[in-house]
Every structure is written in structure tokens, then in C-alpha cells.
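> dropping a prediction and its sequence here:
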Amino acid sequence: MDFSIIILFVVLAGLMFFMSSRSRKQQRAQQEFRSQLAPGQEVMTGSGLFGTVVEIDEASDTVTIESTPGSQTRWLRAAIAKRVDTPVEDATEAADETDVTTDSTGTGTITSGDDHVDVPDDLSSLDTAQREYREQQRRDEGEAGGATK
């Protein structure tokens, strides 16, 4: 009998064992997560619905989720995919400090402190904004060049 075939079967059996143990660990982690659900937590379902857990019915293994105020839906506990963490307050404070202004060309300027970035409102104004930017650069280079002579 050829030993290479035996080695091949042993390697395949080992791979199958490790892959199945990994999937069992993932299933246990998901089951533990779902058993720890509590009202008030932000969750996402497997189909992508975001909402807040309102009620958990242990008898029927269902979870009531409120996606918008007054809109409650019932889901199987197994349909809950993950818990959604709320964003950090620092990120919302930084977003509040950002101002957006629009000039006559339809180009929006986002300012945060001393930095500014020109953002077009739509793609149709992109060529115009690029052209104006290049013209402004040429004018600035011309003024800088004239001042140094």
C-alpha cells in the first residue's frame, strides 16, 4: 500500500476536524451572544435591519425590535446577527464643529478649523470646479513669481 495516500487521508481528516471545531466555536459564540440580549440594546438583524431591542419572549424565542419610534417588529432570536455599538461622543462633537458652505459654482466647502476642502455638490460641477482651481493656482503662481523678481 502506498503511504502517500494514507498521509493524504490523515491530512484531510485533520483539516476537516480543525474546520469543524472553528465553526462550532463560532456557533457557540453566536448562541451566547443571543442569550445575553437585553432590552435597550442596539442590534442588527441578518437582513440588515437596525433597531433597539424592546422585548424578549423566552417562550417563543422571539425578540421585538423597534427600528423607528412606534414601529415594532418581531424576529426570531436566531435572526439577530450582531450588537451595534453606539458611536463615541468625541466623533459627534467633531462633526458638530464642521461647517459646510456653498459658493456660486455649487461647490461646497467643508471647514474644520483652518483646513478647508472643496466638495462639489454633484458630478456636473466637477469639471468647472477643477478648471477654476487650476486658474486660481496659475494666478497665485503668477503673483508669487512677480513678487520675487
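The structure has been received and is ready for your questions.
> low pLDDT regions in the protein?
Along the chain, the model assigns pLDDT under 70 to residues 1, 86-127, 145-149.
> can you give me the strands in it?
Counting by DSSP state E, the chain has strands at residues 42-45, 50-57, 62-68, 71-76, 80-83, 99-102, 107-112, 115-120.
> in the longest helix along the chain, what's buried?
Ranked by number of residues, the top helix in the chain under DSSP state H is helix 3-35. For helix 3-35, the neighbour count (16 or more other Cβ atoms under 10 Å) marks Arg34 as buried. (Each C-beta comes from the backbone N, C-alpha and C, glycine too.)
> what angle sits between it and strand 71-76?
140 degrees (axes from the mean of the first three to the mean of the last three Cα atoms, to 10 degrees).
> just use 846 as the starting number from now, easier for me
With the count now opening at 846, the last piece we talked about shows up as helix 848-880.
> what's the domain layout of this structure?
Here the domain parsing of the chain from automatic domain parsing is 846-881, 882-931, 934-993.
> where does Glu903 fall, phi/psi-wise?
Main-chain torsions, Glu903, degrees, to the nearest 10: phi -70, psi -30.
> let me know how buried it is, in neighbour terms.
Residues contacting Glu903 under the criterion other Cβ atoms under 10 Å number 8.
> for it, give its distance to Leu882.
Glu903 sits 11 Å away from Leu882, taking Cβ to Cβ, to the nearest Å as the criterion.
> same thing with Gly859?
With Cβ to Cβ as the criterion, Gly859 and Leu882 are 36 Å apart.
> kindly report the same for Phe848.
52 Å.
> swap in Arg928?
From Arg928 to Leu882 the distance is 8 Å (Cβ to Cβ).
> show me the common contact partners of the two, please.
Taking Cβ atoms under 8 Å, 6 or more residues apart in numbering as the criterion, Arg928 and Leu882 both touch Val888.
> sweet, I'm off.
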